[in-house]
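**Student:** Test case, fold it:
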Amino acid sequence: GYKDRPFTLQQRLLTEPRIIIFYLSLLFYPVPTRLCIEHHITLSTSLVSPLTTLLSIMLILFILFACLRYWRRWPFLAYCVIFFFLNQIVESTFIPLELIFEHRNYIPSMLLFVPVAYGAAELITRYKNEKTMRTILTGSVCLYIIGIGSAAFIRNLAWKNEYTLNLDAVQKNPHLCRPRQNLSSYYIDQKMYKQAEAELLAALKCPTANMNNEQYVTYHNLGVVYFALGRYDDAERSYLESLRLEKNNSAALAGLASVYYREGKRQQADLFFKLAQKAGSQTSSLYLNRGLFYLKTGNPQQAIASFAKVRAGDLKQRAILYTGIADMRQRQYDRAQAAFEKAMQMDPMDIRVRLHLAALLLKTNKQEAAENILREAVTVMISDHFYTKIVAWLQSDTDTILKPDPAVLVPIMEKMRREIMTRHEK
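**Tutor:** Predicted coordinates:
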């Protein structure tokens with residue numbers, strides 16, 4: 001209801017006539033700079049604040065009066081115009097929906113251009129014997145059609161993908177938070193966390209436009225960003241603020257569970273995991289982080305059960321990799337090899353999988369197969385920067401349970417790298 005909206009019933013009823021006139025202007029003058037997936041509209045607080053409120057109401061009444069006045073003479077044309085206003089009643093009157101969306105004109109505008117086309121045809125017919133006037137009218141119609149066609153082509157460029165569409169909305173309405181939230185979601189999907197953080201911090205400065213608690217999405221996305229950056233305290237604060245604004249936010253509950261699993265706070269993690277499930281969250285990231293928690297705390301069987309529930313594409317590959325690691329912990333080497341091979345098929349460029357598979361093959365005395373896998377991995381890591389980065393990862397003290405034994409792999413890798421570099425020099 002209106003208790004969740006940043007506007008009252010009176011403000012909505014006063015504002016909508018201005019929006020309907022704006023819709024009409026968009027339909028007949030649809031230049032790309034005026035079109036946007038999100039629009040900001042100043043609320044009308046009285047008939048004269050702003051003055052366009054009264055003017056819009058008077059214009060709508062005049063149009064309706066003209067339709068009724070000429071109903072007997074042109075019944076179908078009058079109906080086409082009235083059809084537009086009748087179909088705006090549901091979404092542009094008292095129902096507490098959001099104020100403005102361009103797509104609300106799809107059905108209402110279905111017949112609106114019939115009177116326009118009829119009027120243009122009548123004018124051209126009337127002046128059919130006056131060559132100059134007929135040429136001007138025909139040329140004007142052609143230019144208008146070419147113009148709106150070109151505008152449609154240009155506008156379609158903004159709809160090229162999720163990034164261009166939301167960037168267009170941010171550029172046209174920088175003071176709206178939802179376009180920035182949507183753009184941040186794109187950056188998060190692309191692992192561009194710094195850009196996502198910048199958009200979200202800017203979104204926090206935007207006033208509410210659609211829902212009183214709409215910033216809960218901003219805080220949730222900040223939690224996702226901070227979690228990915230390893231800033232778990234900031235992630236926890238962001239998720240808690242998101243829950244303060246929307247207590248049934250299952251994604252924030254799942255995010256908190258993931259944070260607590262990563263921090264080793266099992267009791268709190270399990271509590272929020274159950275709350276997230278109760279609220280309807282079955283997110284793959286939640287099951288992945290729960291599985292990692294069990295794996296790191298010595299419960300490989302429970303870890304495998306959690307990894308099996310991961311469904312998302314890129315997370316699924318990681319879950320299969322971690323399943324192989326859990327199988328190795330249980331000395332289930334055949335199952336581990338099958339998991340590593342499947343993960344490698346899903347992402348052939350993932351060096352971690354090749355290293356785990358090579359380590360497993362060495363452990364099971366399959367020396368030749370292991371060396372072939374390692375040789376392929378070292379060939380991929382031919383650049384000094386990439387190779388050094390991978391070796392540093394292997395030898396680091398963090399998350400050692402998720403890495404193969406560097407004491408076994410690194411000497412073999414060094415030997416193979418020298419051989420490859422020697423052949424390249426020759």
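**Student:** Going by C-alpha atoms from here, please, whenever you check contacts or count neighbours.
**Tutor:** Fine.
**Student:** which element follows the lengthiest helix in the chain toward the C-terminus?
**Tutor:** For the chain, the longest helix by residue count, based on DSSP state H, is helix 131-158. Downstream of helix 131-158, the next assigned helix or strand under DSSP states H and E is helix 162-172.
**Student:** can you give me the mean pLDDT across that following helix?
**Tutor:** Summarised as a single mean, pLDDT over helix 162-172 is 96.
**Student:** One more: stretch 311-330?
**Tutor:** Average pLDDT, stretch 311-330: 90.
**Student:** now swap in stretch 341-359 and tell me
**Tutor:** The average pLDDT within stretch 341-359 is 92.
**Student:** Stretch 94-114 now?
**Tutor:** Stretch 94-114 comes out with an average pLDDT of 94.
**Student:** Restrict that stretch to CA atoms and write it as PDB.
**Tutor:** Presented in PDB, the C-alpha positions along stretch 94-114 are these (Å, rounded to 0.1, in the frame of the first residue of the first chain):
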ATOM      1  CA  PHE A  94      -5.400   5.300  -7.400                       C
ATOM      2  CA  ILE A  95      -3.700   1.900  -7.300                       C
ATOM      3  CA  PRO A  96      -0.400   2.300  -5.300                       C
ATOM      4  CA  LEU A  97       2.000   1.300  -8.200                       C
ATOM      5  CA  GLU A  98       5.200   3.000  -9.100                       C
ATOM      6  CA  LEU A  99       4.500   6.400 -10.800                       C
ATOM      7  CA  ILE A 100       6.000   6.000 -14.300                       C
ATOM      8  CA  PHE A 101       7.100   3.400 -16.800                       C
ATOM      9  CA  GLU A 102       7.300   3.700 -20.500                       C
ATOM     10  CA  HIS A 103       6.000   0.200 -21.100                       C
ATOM     11  CA  ARG A 104       2.600   1.300 -19.700                       C
ATOM     12  CA  ASN A 105       1.900   2.800 -23.100                       C
ATOM     13  CA  TYR A 106       2.200  -0.500 -25.100                       C
ATOM     14  CA  ILE A 107      -1.600  -1.300 -25.100                       C
ATOM     15  CA  PRO A 108      -3.000   2.200 -24.600                       C
ATOM     16  CA  SER A 109      -1.100   3.500 -27.700                       C
ATOM     17  CA  MET A 110      -2.400   0.600 -29.900                       C
ATOM     18  CA  LEU A 111      -5.000   2.800 -31.600                       C
ATOM     19  CA  LEU A 112      -3.700   6.200 -30.900                       C
ATOM     20  CA  PHE A 113      -2.000   6.700 -34.300                       C
ATOM     21  CA  VAL A 114      -5.100   5.900 -36.300                       C
END
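**Student:** Just list what the helix or strand that Ile320 is a member of packs against, helices and strands only.
**Tutor:** Element membership of Ile320, judged by DSSP H and E, is helix 313-329. Packed against helix 313-329, as judged by 3 or more C-alpha pairs under 8 Å, 6 or more residues apart in numbering; DSSP states H and E, are the following elements: helix 284-296, helix 300-307, helix 333-346, helix 351-363.
**Student:** and the angle from that helix to helix 351-363?
**Tutor:** Angle, helix 313-329 to helix 351-363, by axes from the mean of the first three to the mean of the last three C-alpha atoms, to 10 degrees: 20 degrees.
**Student:** Any idea how far helix 313-329 is from the middle of the chain?
**Tutor:** Computed by C-alpha atoms, centre = their mean, to the nearest Å, the chain-centroid distance of helix 313-329 equals 26 Å.
**Student:** What residues of it count as buried?
**Tutor:** Neighbour counts over helix 313-329 (16 or more other C-alpha atoms under 10 Å) mark 315-329 as buried.
**Student:** Please apply the same query to stretch 197-216.
**Tutor:** Buried-residue list, stretch 197-216, by 16+ other C-alpha under 10 Å: 197, 199-204, 206, 208-210, 212-216.
**Student:** Nearest to Tyr232 among the residues you listed?
**Tutor:** Using C-alpha to C-alpha, Glu197 comes nearest to Tyr232 of the buried residues of stretch 197-216, at 14.6 Å.
**Student:** so the closest one makes contact with Ser184?
**Tutor:** Yes - counting by C-alpha atoms under 8 Å, Glu197 touches Ser184, with 7.3 Å between them.
**Student:** burial measure for Pro96, as a count.
**Tutor:** 17 (other C-alpha atoms under 10 Å).
**Student:** quick one: secondary structure of it?
**Tutor:** Classification of Pro96 using DSSP: H, G, I helix; E, B strand; the rest coil returns coil.
**Student:** Would you map the strands across this protein?
**Tutor:** Using DSSP state E, the chain contains no strands.
**Student:** Can you pull up the most central residue in the chain?
**Tutor:** Ser185 (4.2 Å; C-alpha atoms, centre = their mean).
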